[in-house]
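*Asks:* Pasting the sequence and the predicted coordinates here, then a few questions.
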Number of protein chains: 2
Amino acid sequence: MASGSLVSFLNIPEDSHFSMQNLPYGVFRPTPEQQPRPGVAIGEYVLDLSALARAGLFHGPVLKGSDCFLQPSLNAFMAMGKPAWKEARGTIQKLLSVDEPALRDNAELQKSALLPMSQVQLMLPAVIGDYTDFFTSKYHTMNCGIIFRGPESPLPPNWLHLPVAYHGRASSVVISGTDLHRPRGQKRPVGKPTPGFGPSAKLDFELEMAMLVGPGNELGTSVSVDDAADHIFGLVLMNDWSARDIQAWEYQPLGPFLGKSFGTTVSPWIVTLEALQPFTCEAPVQDPPPLPYLTGKSCRTYDIPLEVALKPAGEDKSSVVCKSNFKHLYWTIEQQLAHHTINGCNLRPGDLLGSGTISGPEPESFGSLLELSWDGKNPLKLGNNISRTFVEDGDEVILTACCQGDGYKVGFGTCSGKILPAIS
Amino acid sequence: MASGSLVSFLNIPEDSHFSMQNLPYGVFRPTPEQQPRPGVAIGEYVLDLSALARAGLFHGPVLKGSDCFLQPSLNAFMAMGKPAWKEARGTIQKLLSVDEPALRDNAELQKSALLPMSQVQLMLPAVIGDYTDFFTSKYHTMNCGIIFRGPESPLPPNWLHLPVAYHGRASSVVISGTDLHRPRGQKRPVGKPTPGFGPSAKLDFELEMAMLVGPGNELGTSVSVDDAADHIFGLVLMNDWSARDIQAWEYQPLGPFLGKSFGTTVSPWIVTLEALQPFTCEAPVQDPPPLPYLTGKSCRTYDIPLEVALKPAGEDKSSVVCKSNFKHLYWTIEQQLAHHTINGCNLRPGDLLGSGTISGPEPESFGSLLELSWDGKNPLKLGNNISRTFVEDGDEVILTACCQGDGYKVGFGTCSGKILPAIS
Ligand SMILES: [Ca+2]
Ligand SMILES: [Ca+2]
Ligand SMILES: [Mg+2]
Ligand SMILES: [Mg+2]
Ligand code: NI
């Protein structure tokens, strides 16, 4: 099936993140009573893939007869791999194009399959079996090293040799728009010999992107760096909320735990690597050169401009507090995935692999308040006489990402969350 | 329903781990073609709970009409909580008792519901949404501190104030009897400036027990230490396989990752807290006293003798390398669960919470080869002129645990795994 014209019969606003070139996948339900189902974002609509599948419109060789779009999550479609993804994209692009009558001229199908995005409930797009968080921005790593451990050798000895990562908590990954309570926990104020207990006083965001795994690998096998892209379904925005005071007290020697596990917010729309293809760019030079298992034939990444805005309670407007870019990351997503499996660890479709905080070289590109306020020493001025060192109750944090193509955008929408007061 | 006589119509060998007082839950399939289903271990048999449920034998107020035993995992039963667990135990104990004709005198039902354990395939008892590993033996923590960081202050500053833990990898948790390949990875030999790559040369076991979560808690809520036991379904044995060379190089600053995620083995039978009730004992005195959220009305643990045996390839007999006890742990399982949720982190039924390596005070009670061979400096003599510093290819590691009651045992069976050579 040819992919057809990239002009849609729908009116897609020029500044929409969800162009014909994008077609990101998500899961939604039209009403709270209905079953969750896969969909694609197009302009201001959600295209219901279960409705198209029921109408028999996926009739290519790979998807014909498949129930992957009749599932309440995208895991089955993710597991099918690139041939299925390519065929689905072609079919959807054609069905939405101005030249194709099947959906354009079928008012009844449009009514059931094209729903205003503002009226549906967006949900987690996948059942996340495991969530891993990497630590792949050199700028973020060095900033954290200086803040937590001092200016001597802020980069850990292993950092330039492997993409450092830790296991995160899968149960508390939530969809954009979910309010979260400020966590309580143990923390030890500087200079005090014993810890106290209470709501976190250093609640932070972390600007991240995360990949969702497509086909997995069997336990005991590894995915090579050159094959890794075939195992990546796409990317989302992610806010790895972090309670710095809880984290600082608990994380030695086994890493972050309760300072992170109270909630991690992801954006609803998974932008595929195919949609991101026009926005590839050279990855940073890696010196020293990595070991062979981390050395691919090419070493490319994506130019994805990122922004974080903070909207205090009661304010009409949000203030941009960070402008960064995905291309600042030192390790590529292919290297991350290859490293994750080199010991035989099995990945499963739908697994979430976060990039780590995406800080760039300039102070305004730092991807967390820890860095932006330098652990609270330099409060950020937000306008309207408001300033912030860390996140306060009622604050909403909004991440966005958008690639600018030639006359179109490939965007991620937003990843937002509001912090409610701690429960006492 | 009364629980009936604790004498069964079945012949239960006196040294069986699976007495009428035990009745641990697992999941099995009679043949590889059949669906997995819940069962209970009794003597040398597995009692098929789906067969009993289909025969209408769970007719108490909680379980009547429930499909919890028609599921391929125990998660639904775990989620139902103590009233369901108590009712099921009473029903099963009665059905197996010598005084009760329903199963005793029904040859056809016996044929379908009582299967020789040696002939069925035991499987993971639950879908594990998240796996957490604690670090609650003071002896293990101090041994690791001395080996990895030197004899000065081997206990991290936070250790006596909270049960330290990290997130583990859920996808690679496997059932006892699953062979695992030796992992490959990066490691940096002592004194070398740069890392190398290859199979782990310091492959180790960790003797642990793990709880499986019953009813979970909603994101944003916490479980108090006094309520925690109601959220714990039971315990299994766990071998947290660890590649010490990979771990040592990667774990700073974010904790263990590939040094652990290649495999974690659990025993198939979940022994309930009710079955363990006769084996409670005082927990160690905690000094300094923990914060109020970790201070329960009582502070009890379980006296569970533990053993690790190693069986080299080609040898007929295994050698016991460690004798320890669950009661050596400093933090109780109730404290672990309360701490895990104090920040609002949601637990789900079937979550796996490992205790950490269970080392006792005596050298022969150390729960890992890292400690037993003191990082390879003191090879263990196994007899037959065989010695070990770490696990070698072909070695099988077998964990066992068994409580001795008055004329009966409440045991965990075994948790075993064999190491195959690395894949090249
Ligand atoms: Ca992070
Ligand atoms: Ca462990
Ligand atoms: Mg988080
Ligand atoms: Mg492990
Ligand atoms: Ni194999």
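*Replies:* Here it is on my side, so go on. Ligands and ions are numbered 1, 2, ... in the order given.
*Asks:* What ranges does the stretch 51-200 of chain A have for its strands?
*Replies:* With strands called from DSSP state E, counting those that start in this stretch, the stretch 51-200 of chain A shows them at A:114-116, A:121-123, A:131-134, A:165-167, A:173-175, A:180-181, A:184-187, A:196-199.
*Asks:* other SSEs contacting the second one?
*Replies:* Counting contacts by 3 or more CB pairs under 8 Å, 6 or more residues apart in numbering or on different chains; DSSP states H and E, the secondary-structure elements packed against strand A:121-123 are strand A:25-29. To be clear about C-beta, it is placed using only N, CA and C from the backbone, and glycine gets the same treatment.
*Asks:* and the strand it packs on, what does it pack onto?
*Replies:* Here strand A:25-29 touches strand A:37-42, strand A:121-123, going by 3+ CB pairs under 8 Å, 6+ apart.
*Asks:* And the closest residue to ligand 1 within the stretch 51-200 of chain A, what's its pLDDT?
*Replies:* Nearest residue of the stretch 51-200 of chain A to ligand 1 (CB to the ion) works out as residue A:133 at 4.6 Å. At residue A:133, the predicted lDDT confidence score is 98.
*Asks:* Contacts only, for it.
*Replies:* Contact partners of residue A:133, counting by CB atoms under 8 Å, 6 or more residues apart in numbering or on different chains, are A:165-168, A:208, A:240, A:260, A:353-354, A:356.
*Asks:* thinking again about what came up before, can you put the helices and strands packed on strand A:25-29 in CSV and add mean neighbour count and distance to residue A:174?
*Replies:* Formatted as CSV, the helices and strands packed on strand A:25-29 follow (neighbours: other CB atoms under 10 Å in any protein chain shown; distance: least, CB to CB, whole Å):
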stretch, mean neighbour count, distance to residue A:174
strand A:37-42, 26, 19
strand A:121-123, 18, 10
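*Asks:* Ligand 3 contacts on chain A?
*Replies:* Contacts of chain A with ligand 3, taken as CB under 5 Å from the ion, map to A:240-241, A:260, A:264.
*Asks:* Generate a markdown table for those, with neighbour count and distance to residue A:121 as supplementary columns.
*Replies:* Formatted as a markdown table, those follow (neighbours: other CB atoms under 10 Å in any protein chain shown; distance: CB to CB, whole Å):
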| residue | neighbour count | distance to residue A:121 |
| --- | --- | --- |
| A:240 | 26 | 24 |
| A:241 | 26 | 22 |
| A:260 | 27 | 26 |
| A:264 | 28 | 20 |
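*Asks:* show me the contacts for the residue in the stretch 201-350 of chain A that ligand 1 sits nearest to.
*Replies:* Per CB to the ion, the residue of the stretch 201-350 of chain A with the smallest distance to ligand 1 is residue A:240, at 3.7 Å. Residues counted as contacts of residue A:240 (CB under 8 Å, 6+ apart) are A:133, A:168, A:205-206, A:208, A:260, A:264, A:354, A:357.
*Asks:* name the element residue A:414 belongs to?
*Replies:* Following DSSP states H and E, one finds residue A:414 within strand A:409-420.
*Asks:* which of the contacts of residue A:133 lies closest to residue B:193?
*Replies:* Comparing the contacts of residue A:133 against residue B:193 with CB to CB places residue A:165 closest, at 23.0 Å.
*Asks:* Can you pull the domain assignment for chain A?
*Replies:* A:25-123, A:131-420 (automatic domain parsing).
*Asks:* just these: most buried one?
*Replies:* Mean neighbour count, computed with mean count of other CB atoms under 10 Å in any protein chain shown, is highest for domain A:131-420 among those, reaching a mean of 20.
*Asks:* Might you report the residue contacts of the residue of chain A at minimum distance from ligand 4?
*Replies:* Closest approach between chain A and ligand 4, counting by CB to the ion: residue A:345, at 9.8 Å. Contacts for residue A:345 were tallied using CB under 8 Å, 6+ apart; they are A:219, B:169, B:171-172, B:258, B:261-262.
*Asks:* Run a quick check on residue A:85 versus residue A:232, I expect a contact.
*Replies:* No - contact criterion CB atoms under 8 Å: residue A:85 and residue A:232 do not qualify, at 10.5 Å.
*Asks:* what residues does the stretch 151-300 of chain A put near ligand 1?
*Replies:* Applying CB under 5 Å from the ion, we find that the stretch 151-300 of chain A lies next to ligand 1 at A:206, A:240.
*Asks:* and with 6 Å instead?
*Replies:* Within the stretch 151-300 of chain A, the positions near ligand 1 by CB under 6 Å from the ion are A:206, A:208, A:240.
*Asks:* Which strand or helix spans the second one?
*Replies:* Spelled out, that is residue A:208. Taking DSSP H and E as the criterion, residue A:208 maps to strand A:207-213.
*Asks:* helix or strand right after that strand?
*Replies:* Next element after strand A:207-213 (DSSP H and E): strand A:232-239.
*Asks:* can the helix or strand immediately after that following strand in the chain be found next to chain B?
*Replies:* For strand A:232-239, the following helix or strand on the C-terminal side (DSSP H and E) is strand A:242-243. Yes - looking at strand A:242-243 against chain B by CB under 8 Å from any CB of the partner chain, the contacts come from residue A:243.
*Asks:* re earlier: model confidence over the strand holding residue A:414, on average?
*Replies:* Throughout strand A:409-420, pLDDT has a mean value of 98.
*Asks:* Could you check the angle it makes with strand A:207-213?
*Replies:* 110 degrees (axes from the mean of the first three to the mean of the last three CA atoms, to 10 degrees).
*Asks:* how far is strand A:409-420 from where the chain is centred?
*Replies:* On the basis of CA atoms, centre = their mean, to the nearest Å, strand A:409-420 sits 9 Å off its chain's mean C-alpha point.
*Asks:* Name the residues of the stretch 1-150 of chain A found near ligand 1, please.
*Replies:* Within the stretch 1-150 of chain A, the positions near ligand 1 by CB under 6 Å from the ion are residue A:133.
*Asks:* And the residue of the stretch 1-150 of chain A found nearest ligand 3, how far from residue B:106?
*Replies:* Nearest residue of the stretch 1-150 of chain A to ligand 3: residue A:133, at 7.7 Å (CB to the ion). Residue A:133 sits 54 Å away from residue B:106 when distances are taken as CB to CB, to the nearest Å.
*Asks:* Quick check: residue A:282 touching residue A:302?
*Replies:* No - counting by CB under 8 Å, residue A:282 does not reach residue A:302; the two are 10.9 Å apart.
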